[in-house]
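1. Okay, predicted coordinates and the sequence, questions at the end:
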Amino acid sequence: MAHALADDQNGLASPPQDGPTLQIRDLSVEYVLESGIVGAVDKVSFDVNPGEFLAIVGESGCGKSTLLFGIAQLLNPPAEISGGSVTFRGRNLVKLSDKDLAAVRWKDMSVVMQSAMNALNPVKSVGAQFKDAMRAHGVTSQEEIAQRSAEVLRMVGIDPVHLKSYPHQLSGGMRQRAMIAMAMLFTPELIIMDEPTSALDVVAQRSLMAQIKDLQREFHFAVIFVTHDMSLVRHFSDRLMVMYAGQVSEVGPTQQLFDHPHHPYTVGLMDAFPSIRGPRVQLTGIPGSPPDLARPPAGCRFAPRCPKVMPRCETNPPPDYELEGTSVRCFLYDGAPEVLSD
Amino acid sequence: MTELQTQPGPQHAGPDQEPLLRVDRMSRHFKIGNAVSRRTLHAVDDMSFTVGEREIVAIVGESGSGKSTVARVLAKLYKPTSGEAYFQGKPLSAIRSRHERLRYSGLVPMVFQDPFSSINPVFRVSHGVMRALKLHRPELSSEQRFAEAVRVFEAVGLNPGAEVLERYPHELSGGQRQRVGFAQALAMRPKLILADEPVSMLDVSIRIGLLNVMAKLRDEEDVSILYITHDLASARYVSDRLIVMYAGHIVETGPVDEVLGNPRHPYTELLLAAAPDPRAPLNASAEADRGEPPRVIDPEPGCRFRWRCPLAVEECHQVTPSLRELLPDHSVACHVAQAGTPTGAFR
Amino acid sequence: MALPITTGQAAGPLEPGRELTAAGQRRWSALRRFSRAIRTNRKATIGVVLMAIFIFVSLFPGLLTHQSPTAFSSDITAAPSAAHWLGTDNIGADIYAQVIDGTRNVMILAIAVGALTTAVAMVIGVAAAYLGGLWESVLSFVTDVLLVIPIFPLLIIIAAYFPNAGNLVLILVLSFTGWSYTARQLRSQAQSLRNRDFLLAAQVRGERSFYIIMVEIIPTMTSLLLASFLNNALYAVLAGSGLQFIGLGKSNNVSWGTTLYWANQNAAWTTGRYLWFIVPGLCIALLGVAFAFINYAFDEIGNPALRPLSAAKARKAAEASTRRRLASHGARAR
């Protein structure tokens, strides 16, 4: 049943990909304001492989949410994509018309928002919203709709009797699960999640993460998970991408990043998490603030706050260096091979 | 990296000395519903704890635990439904005249959670501090007030103080605004600062800076802090003693390393298992618990954690457990908890 | 987005020879931004220009006419001529002079009622929201009662008790009936502010309620207060002129509404004296437009989401972004 829905795409289906599910190349997003242009995302490139869990980590203002919206083609003016490509299953989403995008949306790629209360319609029951989503994508049979709705709710551990409930009647954790269920209606290949756990308490958060991971293992979809909390994704993500001031500062396998962080920002970020069990040590965090993206610095964007800054960092932007499967944008690793963009 | 100094010995008062703050069986209920169905929400029930001089006590709990309500009662924004709190030996309910209320609010100020709404956007950031000084330290001349404002700003790390005072709130980052909140509290020469989730809305790399400010206030400005939070890691980093709350009750309390190293209440164990710690391996036992909010509306007697507790026995459903000292200076409110071993509910 | 730290010197280059403090520079740049906003927003420009004209006329009527608006003359209900640009009324007075001199009375009415209504509404609405409890119930009840009664019949009834209502009576009557709507609005706004942390912070700091209302709440509501003032001024122009038109005003008051009254009494429409009522009526409409446009303009300037998106503007923006994209493409190819 799940496969039947996924293949129903009016002949726009492409053959299954061997390569990456998603390829981002030099994607840039700008906010066009009266006071000037703010480059929120600056030439970001990365891949997402089939079934992979990629976590994008960064603090407020780093551009991670903007990047997400850029990938999903959900940007509204004054934000716009000013360059680069988003290749999903071989097709560049940036160049697609609204009609073609609609065929891709929700069937092959779906989005889970940060706050379910913002994304769910408060005056419609959960079941009615599932029905809307399915009808919008061509599923007309009442029976099919009812069956699939119950099925996805069970998948996330909610009793299907809640199809009749309104969002405010569900607890925070249940609402987020309902959002994930809705994103799974057509078992897409890629689900993008924008901080889906940030409104939840720590126990609910842990439970939801485990649920997402279980679903991923069962249905083999790729996940892009944006968060500001590195420790949350440590045990769940395959790869981790750290963003700072609109750029990717480091990306690589999660385990490697945690065991041997390379970029000084990554190191600083990890040190900013006090441990619950280890020895109590004084931490310093990362003093200072991110740069003003309306007037970005000439060299490395982290240079003003970097404890290991060198003179060349302030004048030249560093390239990406490749180190055992991890890509780092920092002059400290000059000498390692540079990552070439294809 | 230097080892943090843990405060030597119990800072709170010995049996003869009156502690700075003593809360005695305090409850706060709210009436909800309309004329047809009147119900009572037991936000805080029967809480007793103390805070001593120069110590940071953390109250940790999830939403619905009542931790914010405790702070608001202590700030005299609400009156307790029953029970009493004693500050410097004097009961809060005896504070009635305007003069006494003003004095209390200077000694026990509050710092709020949201850096974007806790400062009036229309005025410069000097406004709040100068008003606080004018109200609480009327003996100062206007030059002295300004000098003191500069001093407290610099004490919380806003340098140069005179320049930052001239800025508007929208010109400061979230972390800086929270520091302004602490500076305003400090200007009143407090003895106890009620910090209601002061770092929850800040970026991770900025939180440490604020937590360090709190520790500095304790060490250098002779201030105690009641730190309300849901984040166990930050509570551990900065506080001396820990109070774990669930559904309006205290479930466990003691020195922070003792409670986190030797948890005895199943809920504390659950929190420890669920809290993300990048340096520790994953503890999968917490995943089954959905984190459903506790029932605090017209609750029946019995332990409020019993619905989620894998070790609940008959007694848990009948009798509300009271806080008893299981180990030296380490109290737990649980029928199945034992002094010798952890309950192992979530291991 | 976390806001970057900005230094005190946010303004542009200093005027030669003038040394401004950081605060002075900030104020200067705010003024420049403000005037630019008015120039670029069409509604603002129209509104401000119209208002400026009316203010000028009300301040300096002597520059525009030397005739008396009330002088008898033998030339009764004359058609427009070189001597009387809009003709004369039934006692031979110059209609053009009436329109010019009447501007001042209308402006006084508008501004006085606007200010008084807003002030009363502010005190009652904000107090009701902040004090809550019994105060809120009582004040809200009073507000709602006045709101429910239809305004125009109420106006007529009250005005009928004061025949020959001069300016002062009109101001009081209009203010009395007009404050309730604004009070409701301000009360809602104040309620939404009530639990903002900075108000709690002021309370916990030990401030008195009166201080919190006047110093902490009301300054954050300035945009709504300004909008209320403009709204109520508009109401005063229309309702006041309306009352005068149906004859409840003082009959020898020099005002557009009164002129319209006399035009109606003397069947200006049927006798072909069209300008007698068209011009005063047009003035009333234009002044109303001025107040309304300035109100919209403040909204749009403050909230970019409300700005009109014309097709031409959208096309220009799209062309500009394509140009930029090609430029950056070219830069990378180098």
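-> Happy to help now that I have it. Remember, it's a predicted structure, so these values are computed and weren't measured experimentally. Numbering: from 1, shown residues only, chains lettered A, B, ... in the order given.

2. Now do the SS call for the closest residue to residue A:93 other than its chain neighbours.
-> Leaving out its chain neighbours, the residue that sits closest to residue A:93 by CB to CB, 6 or more residues apart in numbering or on different chains is residue A:86, at 4.4 Å. All C-beta spots, glycine's among them, are computed from the backbone N, C-alpha and C. What DSSP: H, G, I helix; E, B strand; the rest coil gives for residue A:86 is strand.

3. so who does the residue nearest the centre of chain B touch?
-> Nearest to the mean C-alpha position of chain B, by CA atoms, centre = their mean, lies residue B:228 at 2.7 Å. Applying CB atoms under 8 Å, 6 or more residues apart in numbering or on different chains, we find residue B:228 in contact with B:58, B:59, B:67, B:68, B:70, B:71, B:194, B:195, B:196, B:197.

4. Please apply the same query to residue C:245.
-> C:257, C:260, C:261, C:264.

5. what ranges do the strands span in the chain?
-> The chain I'm using is chain A. In chain A, the strands defined using DSSP state E lie at A:22-33, A:36-48, A:53-57, A:79-88, A:91-92, A:109-112, A:190-194, A:222-227, A:239-244, A:247-253, A:321-323, A:326-328.

6. related to what we said a few turns ago, for the residue nearest to the centre of chain B, name its beta-bridge partners.
-> Beta-bridge pairing for residue B:228 (DSSP bridges): residue B:59, residue B:196.

7. Now the buried members of the contacts of residue C:245.
-> Listed as buried from the contacts of residue C:245 are C:257, C:260, C:261; burial here means 16 or more other CB atoms under 10 Å in any protein chain shown.

8. so the second one sits in a strand?
-> It refers to residue C:260. No: applying three-state DSSP, one finds residue C:260 to be helix, outside a strand.

9. got the contact list for it?
-> The neighbours of residue C:260, taking CB under 8 Å, 6+ apart as the test, are C:241, C:244, C:245, C:277, C:280, C:281.

10. Just put the strands of chain A in CSV and tack on distance to residue B:216, mean neighbour count and mean pLDDT.
-> CSV is the format used below for those (distance: least, CB to CB, whole Å; neighbours: other CB atoms under 10 Å in any protein chain shown; pLDDT from 0 to 100):
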stretch, distance to residue B:216, mean neighbour count, mean pLDDT
strand A:22-33, 38, 20, 89
strand A:36-48, 35, 20, 89
strand A:53-57, 29, 25, 94
strand A:79-88, 41, 20, 90
strand A:91-92, 53, 15, 86
strand A:109-112, 41, 24, 90
strand A:190-194, 36, 23, 92
strand A:222-227, 30, 24, 93
strand A:239-244, 28, 25, 95
strand A:247-253, 30, 23, 94
strand A:321-323, 38, 17, 90
strand A:326-328, 35, 24, 92
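
11. Same list (these) but as TSV, adding distance to residue C:229.
-> Listed next are those as TSV, based on distance: least, CB to CB, whole Å:
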stretch	distance to residue C:229
strand A:22-33	30
strand A:36-48	34
strand A:53-57	49
strand A:79-88	36
strand A:91-92	53
strand A:109-112	45
strand A:190-194	42
strand A:222-227	45
strand A:239-244	47
strand A:247-253	48
strand A:321-323	62
strand A:326-328	59
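
12. the strands in chain B, which residues?
-> Using DSSP E, the strands of chain B run over B:21-33, B:38-51, B:56-60, B:82-87, B:90-91, B:110-111, B:192-196, B:224-229, B:241-246, B:249-255, B:324-327, B:330-332.

13. In the stretch 201-342 of chain A, which residue sits closest to chain C?
-> residue A:292 (3.8 Å; CB to the nearest CB).

14. Chain A contacts on the stretch 51-200 of chain B?
-> With CB under 8 Å from any CB of the partner chain as the criterion, the stretch 51-200 of chain B comes near chain A at residues B:62, B:63, B:173, B:174.

15. possible to save those residues as TSV with neighbour count and pLDDT?
-> Rendered in TSV, the data for these read as follows (neighbours: other CB atoms under 10 Å in any protein chain shown; pLDDT from 0 to 100):
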residue	neighbour count	pLDDT
B:62	21	86
B:63	16	79
B:173	21	85
B:174	20	86
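
16. What about the residues you listed, which are in helices?
-> With helices taken from DSSP state H, the overlap with these comprises residue B:174.

17. For the residue of the stretch 151-300 of chain B found nearest chain A, report the pLDDT, please.
-> Closest to chain A within the stretch 151-300 of chain B is residue B:291: 2.9 Å, counting by CB to the nearest CB. In this model, residue B:291 is scored at 71, pLDDT.

18. and the residue in the stretch 201-347 of chain B that chain C sits nearest to, what does it touch?
-> In the stretch 201-347 of chain B, the residue that lies nearest chain C is residue B:203 (7.0 Å; CB to the nearest CB). Residue B:203 makes contacts with A:59, A:60, A:228, B:174, B:175, C:2, as judged by CB under 8 Å, 6+ apart.

19. buried stuff in the longest helix anywhere in chain B?
-> For chain B, the longest helix by residue count, based on DSSP H, is helix B:204-220. By 16+ other CB under 10 Å, the buried positions in helix B:204-220 come out as B:204-215, B:217-218.

20. okay, now the residue of the stretch 201-342 of chain A found nearest chain B: neighbour count?
-> Chain B sits closest to residue A:204 of the stretch 201-342 of chain A, with a gap of 2.9 Å, by CB to the nearest CB. When neighbours are counted by other CB atoms under 10 Å in any protein chain shown, residue A:204 registers 25.

21. so it makes contact with residue B:287?
-> No: contact criterion CB atoms under 8 Å: residue A:204 and residue B:287 do not qualify, at 10.8 Å.

22. which regions of the chain lie under the pLDDT threshold?
-> This is for chain A. Counting by pLDDT under 70, the ranges of chain A that qualify are A:1-18, A:340-342.

23. Sorry, I should have been clearer: chain C.
-> Applying pLDDT under 70 to chain C flags the ranges C:1-27, C:29-30, C:33-34, C:37, C:164-165, C:301-334.

24. Tell me which residue is most central in it.
-> residue C:230 (2.4 Å).

25. Spatially, which residue comes closest to that residue, not counting chain neighbours?
-> If the residues on either side of it in the chain are set aside, residue C:230 comes closest to residue C:295, at 4.3 Å by CB to CB, 6+ apart.

26. pretty sure the one you found belongs to a helix, no?
-> Yes: Residue C:295: assigned to a helix according to three-state DSSP.

27. which stretches of the stretch 51-200 of chain B form helices?
-> Using DSSP state H, counting those that start in this stretch, the helices assigned to the stretch 51-200 of chain B run over residues B:67-74, B:98-107, B:126-136, B:142-155, B:161-165, B:174-187.

28. And chain C, is the first one touching that?
-> No: residues of helix B:67-74 are not located near chain C by CB under 8 Å from any CB, the shortest gap being 8.8 Å.

29. Report the mean confidence score over that helix.
-> For helix B:67-74, mean pLDDT rounds to 92.

30. Residues contacting that helix, please?
-> Against helix B:67-74 from outside (CB under 8 Å, 6+ apart): B:21, B:23, B:26, B:28, B:43-44, B:47, B:59-61, B:78-80, B:85, B:92, B:108, B:110, B:194, B:196-197, B:226, B:228-230, B:245.
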